[in-house]
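Visitor: Predicted model and sequence follow; I will ask about them next.
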Amino acid sequence: MKKVLYILAIIIVIVGIFLALRPRVATSNDATNDNKILVAYFSATGNTKSVASTLAAATGADLFEIVPEQPYTSEDLNWHNDKSRSSVEMGDRSSRPAIASKIADISQYKIVFVGSPIWWGREPSIMDTFIESYDFAGKTVIPFATSGSSDIGDYGANLQALAPNAKVLTGKRFPTNVSATELKTWADEQMQ
Ligand SMILES: Cc1cc2nc3c(=O)[nH]c(=O)nc-3n(C[C@H](O)[C@H](O)[C@H](O)COP(=O)(O)O)c2cc1C
């Protein structure tokens, strides 16, 4: 009997050590995980929306659309007209178009990918509204964009100036048909 109890005790100790040392399985979007990722995007004509959705799916991130309080009509987007809404907004660095949507709890995200089209060689003014709407202190912000041909340029530097307590990376411009594999490889490099 004593021998049986002795063997039982040894088994309990071994199982205890095994349970204590086993690796903890956590997905990238585990609610208790400090490394939750958000992909926040603005898209006027759908190109950036498509890239943002692929990026979120490839990285296991939550997806948030930055919805303008006043949607952009096609005339608003007419860059040939210097009086169109987008031309006027982009000509005024202090312009801050209002956003209708709100992130429920940004504190749960450590890494925030921020995407939009390139307008007039930089981030649309509504992205300036977005970056000023939340506390990004201690977070890593990674810009991405779509465009006709313009590169990412000063996108990251512009956001960094508006969110000095965040770590804003340079970011990257992608063609609309970028693959999930390319986005995942890029995102993993950025998050290291
Ligand atoms: C007002 C406005 C300004 C733009 N300025 C540029 C630009 O400077 N360089 C560029 O390559 N593309 C420019 N584009 C093209 C957009 O960046 C491109 O079509 C983008 O993929 C649109 O993304 P979306 O469908 O997510 O809105 C501009 C488009 C608009 C509407």
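Guide: Okay, I see it.

Visitor: Can you pull the residues of the protein lying near the ligand?
Guide: The chain comes close to the ligand at residues 43-49, 77, 79, 86, 117-121, 146-150, as judged by Cβ under 6 Å from any ligand atom. Using the backbone N, CA and C atoms, a C-beta is placed for each residue, glycine as well.

Visitor: Can you pull out the low-pLDDT segments for this protein?
Guide: Across the chain, the ranges flagged by pLDDT under 70 are 1-34.

Visitor: ok, the residue nearest the centre of the chain - contacts?
Guide: Closest to where the C-alpha atoms of the chain average out (Cα atoms, centre = their mean) is Phe113, at 2.0 Å. Shown in contact with Phe113 (Cβ atoms under 8 Å, 6 or more residues apart in numbering): 37-40, 52, 55, 59, 61, 141-144, 187.

Visitor: Return the set of buried residues in the helix or strand hosting it.
Guide: Assigning secondary structure by DSSP states H and E places Phe113 in strand 109-117. Buried residues in strand 109-117, counted by 16 or more other Cβ atoms under 10 Å: Tyr109, Ile111, Val112, Phe113, Val114, Gly115, Ser116, Pro117.

Visitor: possible to save those as CSV with distance to Ala166?
Guide: Listed next are these as CSV, based on distance: Cβ to Cβ, whole Å:
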residue, distance to Ala166
Tyr109, 11
Ile111, 11
Val112, 8
Phe113, 13
Val114, 10
Gly115, 16
Ser116, 17
Pro117, 22
